[in-house]
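1. coords please:
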Amino acid sequence: MKTLHPALKTRATELFGVDYPVVQTGMGWVSGARLTSATANAGGLGILASATMTYDELSAAIAETKSRTTKPFGVNLRADAPDAAQRVDLLAREGVRVASFALAPKQDLIKRCKDQGLIVVPSIGARRHAEKVAGWGADAVIVQGGEGGGHTGQVPTTVLLPQVVDAVDIPVVAAGGFFDGRGLVAALAYGAEGIAMGTRFLLTSDSAVSTQVKDVYLSKGVNDTVVTREVDGVPHRVLRTELVEELEKSRAVSRLTRAARNALAFQKLSGTPWSSFVREGLAMRKSAELSLSQVVMSANTPMLLKAAMVDGRPDLGIMSSGQVVGVLEDLPSCDELLSRIMTEASAVLERLGGARA
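-> Okay, the predicted model is just below:
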């Protein structure tokens, strides 16, 4: 790769201690030690996904990641997890650099992170959420527009991103629709300090997802994702499959029955006591204003994702995906991917004729 353009050294690269302003998002069942360390070694910020891990599994995954890389990396946490505070303490003890959150953490949890030297990076989908966490002391935010995979909002990145950049003075990382160097430059032009990608990192040779599942992703076009509420009660962008269409058409009673079975399966898999499930469910109802059926349906997500991503059965599971899936055609290594993105971004910036001040 040619010399990196000065504009590609941003407040995000300085904050995270990485070479490139690119973040690999924490994807449940996907972002394990292998992918996280490969991203870190390639110069980006890898984020280990812990929402589908027990505490002991997270501890082991951090140790494995540290054995694979000496570069900074992060861990994605569930802010509403019963043991969130204990997980924060674990990250601090193990020298993890970044604590990221899929749901905005409360003020006391942000303080706990910062008191122990962690960099706090919540993911948000609305301007008001960015303003709130910035006021509570978050160090940066990942802003995901509606193009992104998984749980997502309705506002496109091109509309949401400038709103957030104008509203807060902390570094903003753009997510939802990014996969190449042109997109990185566009995000910088909007005022972001970098980009975050999920689907693009899932479709790398360093991703542990099976070849069979990756082939399903690579076969899809830009119109082959759908935002559905029938998986877990809240908007979720996934690949359009026969199972998703079946969920969309099924009656509420059958969806709830399926979800209850999945709740039981996830409880056994995770080892989470039923008392914690009940406490967590009540908290979800209050914080997210979910109905009781939606709370039960939330168990669909980890189990249906596991069926596809871990068990290699796309016919039995769901596959979260951003709309960019329709323009992805290969499976580069993380090193190849980031080198390609940075080379293209540098070339675009040179063509445009100026370095960022």
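
2. can you give me the strands for the stretch 151-300 of the chain?
-> Here the stretch 151-300 of the chain has its strands, by DSSP state E, counting those that start in this stretch, at 172-175, 194-197, 225-228, 236-239.

3. quick one: which of the ones you listed is nearest residue 161?
-> When the strands of the stretch 151-300 of the chain are compared for distance to residue 161 using CB to CB, the nearest one is strand 172-175, at 5.1 Å. For glycine as for every other residue, the C-beta is placed from the backbone atoms N, C-alpha and C.

4. centre of the chain to that closest one, how far?
-> Counting by CA atoms, centre = their mean, to the nearest Å, strand 172-175 is centred 11 Å from the centre of its parent chain.

5. tell me what it is packed against?
-> Applying 3 or more CB pairs under 8 Å, 6 or more residues apart in numbering; DSSP states H and E, one finds that strand 172-175 contacts strand 141-144, helix 157-167, strand 194-197.

6. sheet-wise, list the partners of the last one with their directions.
-> If you go by DSSP bridges, strand 194-197 pairs up with strand 22-24 (parallel), strand 172-175 (parallel).

7. residues in contact with the last one?
-> What it means is strand 172-175. 12, 21, 23, 25, 121, 123, 130, 140-145, 148, 157, 161, 164-165, 187, 190-198 (CB atoms under 8 Å, 6 or more residues apart in numbering).

8. quick check: residue 79 is in a strand.
-> No - per DSSP: H, G, I helix; E, B strand; the rest coil, residue 79 lies outside any strand segment and is coil.

9. give me the number of residues near it?
-> 16 (other CB atoms under 10 Å).

10. same thing with residue 115?
-> Neighbours around residue 115, by other CB under 10 Å: 10.

11. where's it relative to residue 89, distance?
-> 10 Å (CB to CB, to the nearest Å).

12. next one: residue 10
-> Taking CB to CB, one finds residue 10 at 30 Å from residue 89.

13. out of the two, which sits in the more crowded spot?
-> Neighbours per residue (other CB under 10 Å) separate residue 10 from residue 89, with residue 10 holding more: 19 against 14.

14. just the buried residues of the contacts of strand 172-175.
-> Using 16 or more other CB atoms under 10 Å as the burial test, the contacts of strand 172-175 include 12, 21, 23, 25, 121, 123, 130, 140-145, 148, 157, 161, 164-165, 187, 190, 192-198 as buried.

15. mind listing the helices in the stretch 101-250 of the chain by residue range?
-> Counting by DSSP state H, counting those that start in this stretch, residue ranges of the helices within the stretch 101-250 of the chain are 107-115, 127-135, 157-167, 181-190, 199-202, 211-218, 242-249.

16. pick the most deeply packed of the ones you listed.
-> Mean neighbours per residue, mean count of other CB atoms under 10 Å, is largest over the helices of the stretch 101-250 of the chain for helix 199-202, with a mean of 27.

17. quick one: residues in contact with that helix.
-> For helix 199-202, contacts defined as CB under 8 Å, 6+ apart pick out 24-25, 27, 30-31, 35, 39, 149, 178-179, 207, 209, 214, 217, 321-322, 324-325, 328, 334, 337.

18. quick one, which of those residues are buried?
-> Among those, those scoring as buried are 24-25, 27, 30-31, 35, 39, 149, 178-179, 207, 209, 214, 217, 321-322, 324-325, 328, 334, 337 (criterion: 16+ other CB under 10 Å).

19. I figured residue 51 hits residue 75, correct?
-> No - contact criterion CB atoms under 8 Å: residue 51 and residue 75 do not qualify, at 10.2 Å.

20. roughly how far does residue 230 sit from residue 27?
-> Counting by CB to CB, the gap from residue 230 to residue 27 is 21 Å.

21. do the same with residue 59
-> Counting by CB to CB, the gap from residue 59 to residue 27 is 20 Å.

22. do the same with residue 161
-> In terms of CB to CB, residue 161 sits 21 Å off from residue 27.
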